[in-house]
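A.B. asks: can't give you the sequence, but here's the structure:
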């Protein structure tokens, strides 16, 4: 059973969002109180503790955006846990209405098309842009999964591996957004993230 000790982090309120600190970076979030920085196996964990649903337009809102320059190429490596079976990794983020995300789930996309795929947000509802082929990305709700996302804005190619295995439903191409930032969170569930690392080429 996971034990967690809550750590303090700074909260900066702005007109539209708030800021938390985790993994040595600042992250912009809709509501800082929905997040906690905890300890798991002596490792810092960023924990989305409060799920919130956005009915219309139908797209994710509950995610933390890392305050870095936009990335031309980026590799995001981390361990993730989805207590309710779903989490998202945001990439090519421009603003709250323009971004892409990978939805990792215990559900197969053929059974639940709005889960386990790459999705595109461009001002309205999210739209799936990846195949529904293949197994679910996550094997279990209570397990930590080693996840890696790579994105090249010049080619539009994105791919995700889980525990070293490629996930066909998490591969896509999109050239409409270009370089952007990355984010961690979920659509309507809680999620946990640790061992976070980001490398790549910032856009000029």
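C.D. replies: Yep, it's here. Values in this document were obtained by computation on a predicted structure and should not be read as measured data.

A.B. asks: residues in contact with the residue nearest in space to the middle of the chain?
C.D. replies: The residue lying closest to the centre of the chain (CA atoms, centre = their mean) is residue 89, at 1.9 Å. Contacts for residue 89 (CB atoms under 8 Å, 6 or more residues apart in numbering) come out as 76, 101-102, 104, 147, 149, 160, 182-184. (Glycine included, C-beta is placed from N, CA and C.)

A.B. asks: Dump these to JSON lines, plus neighbour count and pLDDT.
C.D. replies: Converted to JSON lines, the contacts of residue 89 look like this (neighbours: other CB atoms under 10 Å; pLDDT from 0 to 100):
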{"residue": "76", "neighbour count": "24", "pLDDT": "98"}
{"residue": "101", "neighbour count": "27", "pLDDT": "98"}
{"residue": "102", "neighbour count": "27", "pLDDT": "98"}
{"residue": "104", "neighbour count": "28", "pLDDT": "98"}
{"residue": "147", "neighbour count": "24", "pLDDT": "98"}
{"residue": "149", "neighbour count": "23", "pLDDT": "98"}
{"residue": "160", "neighbour count": "25", "pLDDT": "98"}
{"residue": "182", "neighbour count": "26", "pLDDT": "98"}
{"residue": "183", "neighbour count": "21", "pLDDT": "98"}
{"residue": "184", "neighbour count": "26", "pLDDT": "98"}
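
A.B. asks: Among these, name the ones in strands.
C.D. replies: Counted as lying in strands by DSSP state E, out of the contacts of residue 89, are 76, 101-102, 104, 147, 149, 160, 182-184.

A.B. asks: from the chain's centre, how far out does the helix or strand where the residue nearest to the centre of the chain lies sit?
C.D. replies: Taking DSSP states H and E as the criterion, residue 89 maps to strand 86-95. How far strand 86-95 lies from its chain's middle: 5 Å, per CA atoms, centre = their mean, to the nearest Å.

A.B. asks: And it, what's buried?
C.D. replies: For strand 86-95, the neighbour count (16 or more other CB atoms under 10 Å) marks 86-94 as buried.

A.B. asks: Next: stretch 165-175.
C.D. replies: Those would be 167, 169-172, 174, for stretch 165-175 by 16+ other CB under 10 Å.

A.B. asks: can you tell me which of those lies nearest to residue 198?
C.D. replies: Closest approach to residue 198 among the buried residues of stretch 165-175 (CB to CB): residue 170, at 17.8 Å.

A.B. asks: Could you look up the SS state of that closest one?
C.D. replies: strand (DSSP: H, G, I helix; E, B strand; the rest coil).

A.B. asks: Got the phi and psi for residue 32?
C.D. replies: phi -60, psi -30 (degrees, to the nearest 10).

A.B. asks: Would you check how far apart it and residue 49 are?
C.D. replies: 11 Å (CB to CB, to the nearest Å).

A.B. asks: now swap in residue 156 and tell me
C.D. replies: Using CB to CB, residue 156 is found at 34 Å from residue 49.

A.B. asks: out of these two, which sits in the busier spot?
C.D. replies: residue 156 (17 against 13; other CB atoms under 10 Å).
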